[in-house]
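**Q** have a look at this fold, sequence not included:
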């Protein structure tokens, strides 16, 4: 029976990146990348503070492509979040991005995705340092039946606050290819959150049924 105004989350994000790459060989490359992102909020935070900020990032990394068996890229760098208002402390730290695919066999694939970056706070406070790691697996049981599973760890460290969340997740599912253009799927996901906030801990069981169409 209580209306909670969430307008303070409305924002526009403007940004871009510039990458310089060097191919050591046809299968291995090096790169350096500069990133810029500007957050423009429509309204101040619940405390009346201006939330606009700029984010700068510089990273170095490598790309690999071993004849479609192992391919992807990984990078590490430095990121800084600078706020327009003096009421928020600027934040900086190590950033990372990983996206690798390993075709273990012609029927089985493993994917590793990981990231570490400053993201906007969902509470109207300073930014949050988000660390996310996902390991996914896919197996072609039949030509038209694909099994999948994943494990995930996510940490949300809210700056200028004592709030911190650890989220653990695991899931299994399957996709049935009805035709070239249509597929049906089902997935079960279990998620557990451990939060430093009182009453913030929970367990969630999620069952998904989906029908997908593609051209």
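**A** All right, it came through fine. As the structure is a prediction and not an experimental result, all values here were calculated from the model. Numbering: from 1, shown residues only.
**Q** now do the SS call for residue 21.
**A** What DSSP: H, G, I helix; E, B strand; the rest coil gives for residue 21 is strand.
**Q** so which strand or helix has the closest residue in space to it that isn't next to it in sequence?
**A** Leaving aside its sequence neighbours, residue 21 sits nearest to residue 31 (CB to CB, 6 or more residues apart in numbering; 4.3 Å). Quick note: C-beta positions are derived from backbone N, CA and C, even for glycine. Using DSSP states H and E, residue 31 maps to strand 28-41.
**Q** residue 150 too?
**A** strand 145-158.
**Q** determine how far the next helix or strand along the chain from that strand lies from the middle of the whole chain.
**A** Per DSSP H and E, the first helix or strand lying C-terminal to strand 145-158 is strand 164-177. Its chain's C-alpha centre and that of strand 164-177 lie 14 Å apart, by CA atoms, centre = their mean, to the nearest Å.
**Q** the strand holding residue 31 pairs with which strands, and in what direction?
**A** Strand 28-41 sits in its sheet next to strand 11-23 (antiparallel), strand 53-66 (antiparallel), going by DSSP bridges.
**Q** which of those sits most buried?
**A** Among the strands paired with strand 28-41, strand 53-66 has the highest mean neighbour count (mean count of other CB atoms under 10 Å), at a mean of 17.
**Q** rounded mean pLDDT for that strand, please.
**A** The pLDDT scores in strand 53-66 average 96.
**Q** for stretch 172-184, same thing?
**A** Computed over stretch 172-184, the average pLDDT equals 96.
**Q** which SS state does residue 8 fall under?
**A** Classified using three-state DSSP, residue 8 is helix.
**Q** per-residue pLDDT, it?
**A** For residue 8, pLDDT reads 89.
**Q** I'd like the distance between it and residue 122.
**A** According to CB to CB, to the nearest Å, residue 8 and residue 122 sit 10 Å apart.
**Q** neighbours of residue 82, how many?
**A** The local packing of residue 82 (other CB atoms under 10 Å) involves 12 other residues.
**Q** likewise residue 125?
**A** By the measure other CB under 10 Å, the count of residues near residue 125 is 19.
**Q** repeat that for residue 43.
**A** 16.
**Q** show me the contacts for it.
**A** 7-8, 10 (CB atoms under 8 Å, 6 or more residues apart in numbering).
**Q** quick check, pLDDT for residue 4.
**A** Residue 4 carries a pLDDT score of 83 in this model.
**Q** same check, this time on residue 124
**A** Per-residue pLDDT puts residue 124 at 67.
**Q** picking up where we left off before, buried subset of the contacts of residue 43, written for PyMOL?
**A** Applying 16 or more other CB atoms under 10 Å to the contacts of residue 43, the buried members can be selected in PyMOL as follows:
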select buried, resi 8
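**Q** need the residues that contact the strand holding residue 150.
**A** Applying CB under 8 Å, 6+ apart, the contact partners of strand 145-158 are 121, 123, 125-126, 128-141, 163-177, 187.
**Q** report the buried members of those residues.
**A** For those, buried by 16+ other CB under 10 Å: 121, 125-126, 128-130, 132-134, 136-139, 163-167, 169, 171, 173, 175, 177, 187.
**Q** before we move on, back to that, ok, now how distant is the residue nearest to residue 21 from residue 40?
**A** Counting by CB to CB - residue 31 and residue 40 are separated by 29 Å.
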